[in-house]
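Enquirer: Build me a model from this:
(2 chains)
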There are 2 protein chains.
Amino acid sequence: MKKISRRTIPRTLLYLRTLESLIKEGRYTVSSGELARITGLTDVQIRKDISNFGRVGTPRIGYKTRELKNILKDYVLPENIIRMVLFGAGSLGTAILKYPGFRKQRLKISAAFDKDKRKTGKTINGVKVYPVERAPEVIRKSRVDIGIIAVPSEHGQEVADLMVGSGLKGIVNFAPVSLNLPENVSARDIDLSIEFLALYCDTRM
Amino acid sequence: MKKISRRTIPRTLLYLRTLESLIKEGRYTVSSGELARITGLTDVQIRKDISNFGRVGTPRIGYKTRELKNILKDYVLPENIIRMVLFGAGSLGTAILKYPGFRKQRLKISAAFDKDKRKTGKTINGVKVYPVERAPEVIRKSRVDIGIIAVPSEHGQEVADLMVGSGLKGIVNFAPVSLNLPENVSARDIDLSIEFLALYCDTRM
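Expert: Numbers count the residues shown, from 1 in each chain, chains lettered A, B, ... in the order given. As a prediction, the model looks like this:
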């Protein structure tokens, strides 16, 4: 994976998703203006981002969809499969385990963990649910990249500590609580209430 | 609700969440440095954001947690309940229906819609699942603010069109597909693959 700036990554992934659906529709080229309309970003932003990847695109014709897709993939998609583990096999955890589209993006959940004995031992969408005590061992064995927190808020920090202790360097946190993490661990918070409230504020502007 | 800039809103919601947990821990004051450590934002950003809300905080003491919470609430939390409807009562939809913490933030899902006759007529966590054809009528009757898309990608645009046709002005889209929407509709995309891949890229930097 080559280096681009941290802020460019989510946008590049969005371009990639857009290019893939254009290719599916049989489109050979796309202009930055059209990419702007589809993604909701500005024309200028898109041209600037794509110029990071070298000289691609032809004035007045635009970008070749397949060529651009392959270039972007090289930058943002890893060569190997990204291995993830999930903590919390409740309704949110189950939805994440059943989420389609991970495989295409080289993402794979290798194991799930839960405290609840009614859940452990089960297999959800091909993924085994282990008792949470086995997490350190399972994580070390299967060379996991990312841990997902889908437990109730009050257990968020405890699970995060367990993940960090097991050597995980990336955490996606769905529990609506701020985690205290060491600096060498990257984290992303997905707080549904914040997303909905922020959208609501947008509609009032 | 008073006016602040669009970009400040999600951060303000994050401050609010942090202050609420500090208050629960019995804390009376907090410094911008500590808020920075907890939220992962910079000290400067936090002081700048909070200065938008008038003269709050005392040098070397910090902010009074309750006072700041009440001020921020006034800016970002609506006076009335925000009414939402959900499209797609599959595993992701069910997880959203069961998501805790909406009530505290004045968010309420009033109805769900699905195509599948095995799902319609059911009640999930107190919310009735209607056949999708009834959406325009139900949405107009219950004065809905936000629509949530949790259907498979291939039905994302069709559901978005139905929402827009029913007068919805805000859409949160969990389907990993870019939607074509009129300019007067606000939307937020939550694409789990993009979140996980972006985090993975972060851990490599």
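Enquirer: low-scoring pLDDT stretches of chain A, where are they?
Expert: Chain A contains residues with pLDDT under 70 at A:1-3, A:205.
Enquirer: That one: strands as residue ranges?
Expert: A:29-30, A:63-64, A:82-87, A:107-114, A:123-124, A:127-131, A:146-149, A:170-173, A:186-189 (DSSP state E).
Enquirer: Give the partner strands of the third one in its sheet and their orientations.
Expert: Looking at strand A:82-87 with DSSP bridges, its partner strands are strand A:107-114 (parallel), strand A:146-149 (parallel).
Enquirer: taking those strands together, which one is wrapped up most tightly?
Expert: strand A:146-149 (a mean of 26; mean count of other CB atoms under 10 Å in any protein chain shown). In this view, the C-beta of every residue, glycine as well, is placed from N, C-alpha and C.
Enquirer: With only the CA atoms kept, save that strand in PDB.
Expert: C-alpha atoms of strand A:146-149 as PDB (Å, rounded to 0.1, in the frame of the first residue of the first chain):
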ATOM      1  CA  ILE A 146      -8.900  -4.600  13.900                       C
ATOM      2  CA  GLY A 147     -11.200  -5.100  16.800                       C
ATOM      3  CA  ILE A 148     -14.800  -4.000  16.700                       C
ATOM      4  CA  ILE A 149     -16.600  -3.000  19.900                       C
END
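Enquirer: can you list the domains in chain A?
Expert: Following automatic domain parsing, one finds the domains of chain A at A:8-75, A:82-194.
Enquirer: deepest of the ones you listed, which one?
Expert: Of these, domain A:82-194 is the most buried (mean count of other CB under 10 Å), at a mean of 19.
Enquirer: Give me the distance between the two termini of it.
Expert: Terminal residues of domain A:82-194 lie 27 Å apart, using CA to CA, to the nearest Å.
Enquirer: go on, stretch A:128-135?
Expert: End-to-end for stretch A:128-135, by CA to CA: 12 Å.
Enquirer: Identify the residues contacting it?
Expert: Outside stretch A:128-135, the residues that touch it by CB atoms under 8 Å, 6 or more residues apart in numbering or on different chains are A:85, A:87, A:89, A:111-115, A:117, A:119-123, A:138, A:159, A:162-163, A:166.
Enquirer: can you map out the helices along chain A?
Expert: Assigned by DSSP state H, the helices in chain A fall at A:8-24, A:32-39, A:43-51, A:65-76, A:91-97, A:135-141, A:156-165, A:192-203.
Enquirer: So which of these is nearest residue B:5?
Expert: Closest of the helices of chain A to residue B:5 is helix A:192-203, at 10.3 Å (criterion: CB to CB).
Enquirer: Tell me the helices and strands packed up against the closest one.
Expert: The helices and strands touching helix A:192-203, judged by 3 or more CB pairs under 8 Å, 6 or more residues apart in numbering or on different chains; DSSP states H and E, are helix B:8-24, strand B:82-87, strand B:107-114, strand B:146-149, strand B:170-173, strand B:186-189.
Enquirer: For residue A:81, find the nearest of these.
Expert: Closest approach to residue A:81 among the helices and strands packed on helix A:192-203 (CB to CB): strand B:186-189, 24.1 Å.
Enquirer: wait, does the closest one contact chain A?
Expert: Yes: counting by CB under 8 Å from any CB of the partner chain, chain A is contacted by strand B:186-189 at B:186, B:187, B:188, B:189.
Enquirer: who's the second one bridged to?
Expert: In this structure, residue B:187 has beta-bridge partners residue B:171, where bridges are defined by DSSP bridges.
Enquirer: wait, isn't it in contact with residue B:170?
Expert: Yes: Residue B:187 is within contact range of residue B:170, at 7.3 Å (criterion: CB atoms under 8 Å).
Enquirer: Would you mind measuring from residue A:73 to chain B?
Expert: 11 Å (CB to the nearest CB, to the nearest Å).
Enquirer: same thing with residue A:48?
Expert: To chain B, residue A:48 is 19 Å away according to CB to the nearest CB.
Enquirer: Then residue A:81?
Expert: Distance, residue A:81 to chain B, by CB to the nearest CB: 11 Å.
Enquirer: quick one, phi/psi of the residue of chain A positioned farthest from its centre?
Expert: If you look at how far each residue of chain A sits from its centre, by CA atoms, centre = their mean, the farthest one is residue A:60, at 33.6 Å. Dihedral angles of residue A:60 (phi, psi; degrees, to the nearest 10) stand at phi 70, psi -10.
Enquirer: Distance check, it against residue A:96.
Expert: Note on residue A:60: its distance to residue A:96, by CB to CB, to the nearest Å, is 44 Å.
Enquirer: now swap in residue A:182 and tell me
Expert: From residue A:182 to residue A:96 the distance is 24 Å (CB to CB).
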